[in-house]
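Trainee: got a sequence here, can you build the structure:
(one chain, ligands or ions: 1)
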Amino acid sequence: MSLLSLKNMKTSIGQYHVLHDISIEVPEGGVFVLLGRNGAGKSTTLRSIMGLWSPSPGSVTFRSEDLTGLHTAEIAKRGIAFVPEDMGIFGGLTVAENMVLATADGSFDKDRLRWIYDLFPALEKFWDKPAGALSGGQKQMLSVARAIIEPRELILIDEPTKGLAPAIVDNMAEAFRQISDRSTILLVEQNFEFAKSLGRDMAVIEDGRIAHAGTMADFAADQDLQDRLLSLSA
Ligand SMILES: Nc1ncnc2c1ncn2[C@@H]1O[C@H](COP(=O)(O)OP(=O)(O)OP(=O)(O)O)[C@@H](O)[C@H]1O
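Mentor: Numbers count the residues shown, from 1 in each chain. Modelled structure (predicted):
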């Protein structure tokens, strides 16, 4: 059975019909990648899962529970975290304060914090520095760290490598591999090489609909399909 199941999800933002028909089965464990051109509806899909937009009709089922219509805080309490494209960190607060705000009761599990420091050493180094003074890559690390400071079953991550230097992207890929040993990751990504190195299963969104779903290995081997669904000129 799938960990997360989206069935015929349709989302409108104001008068715009953005998602027309999204059905995805995300299995438990590993990284599931959502691909698609700019404006296809990837971020809207993640936001709809989190209850930040209301999908209607259609359904979002997580571990057999229907989440459709629940408030975002209730959805988060089920064990789902969201790393938004704009990272959602507080620039005026220190790294430590950003992390405290991401905990349930203001305290850290020491082993978990150690694990996070090992994933992202820069966060330990700049623990007492304002988050706004971090580099772009370090801010992204903080954003991911906030999502994993509590145990989560599913982490939705929106374009984490956007604008990052190659060395930071490599660090991020290694971190995601380790995180996906503990939690399932649903990753929206434009960097196909990064997505390919992590994804086991995948789907492509095109104009608010699922245009393809399958294994990453099969998709990566099919250049024609990649050209048709991802290339800018197609
Ligand atoms: N707040 C909004 N108001 C109106 N339209 C919106 C809003 N947010 C998104 N859209 C529209 O919905 C469509 C899908 O946007 P979405 O951000 O989900 O795409 P995406 O696949 O994540 O693309 P990108 O890679 O550019 O972020 C786009 O046409 C976008 O203009």
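
Trainee: and the nearest residue to residue 134 once chain neighbours are set aside, how many neighbours?
Mentor: In space, residue 134 comes closest to residue 126 once its chain neighbours are excluded; the distance is 6.2 Å by Cβ to Cβ, 6 or more residues apart in numbering. Just so you know, the C-beta spots here come from the backbone N, C-alpha and C atoms, and that holds for glycine as well. Neighbourhood size, residue 126 [other Cβ atoms under 10 Å]: 19.

Trainee: swap in residue 124?
Mentor: The burial count assigned to residue 124 is 13, neighbours taken as other Cβ under 10 Å.

Trainee: any buried residues in the helix or strand hosting it, and which?
Mentor: Taking DSSP states H and E as the definition, residue 124 sits inside helix 121-125. Within helix 121-125, the residues that qualify as buried by neighbour count (16 or more other Cβ atoms under 10 Å) are 122-123.

Trainee: just how off-centre is it within its chain?
Mentor: For helix 121-125, the distance from its own C-alpha centre to the chain's C-alpha centre is 22 Å (Cα atoms, centre = their mean, to the nearest Å).

Trainee: give me the contact list for stretch 198-217.
Mentor: With Cβ atoms under 8 Å, 6 or more residues apart in numbering as the test, stretch 198-217 has contacts from 17-24, 26-27, 30-37, 40-42, 44-45, 173, 176-177, 180, 185, 187, 195-196, 219, 225, 229-230.

Trainee: who's in contact with the residue nearest to residue 134?
Mentor: Contacts for residue 126 (Cβ under 8 Å, 6+ apart) come out as 95, 133-134, 138.

Trainee: among those residues, the buried ones, what's the ChimeraX command?
Mentor: One line in ChimeraX is enough to select the buried ones among the contacts of residue 126; burial here means 16+ other Cβ under 10 Å:
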select :95,134,138
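
Trainee: give me the subset of the contacts of residue 126 lying in helices.
Mentor: The helices in this structure, assigned by DSSP state H, contain 95, 138 from those.

Trainee: got TSV for the contacts of residue 126, with distance to residue 153 and pLDDT too?
Mentor: Below are the contacts of residue 126 laid out as TSV (distance: Cβ to Cβ, whole Å; pLDDT from 0 to 100):
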residue	distance to residue 153	pLDDT
95	25	98
133	33	96
134	28	96
138	26	96
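
Trainee: run through the contacts of residue 126 and flag the ones next to the ligand.
Mentor: Of the entries in the contacts of residue 126, not a single one is placed beside the ligand under the rule of Cβ under 6 Å from any ligand atom.
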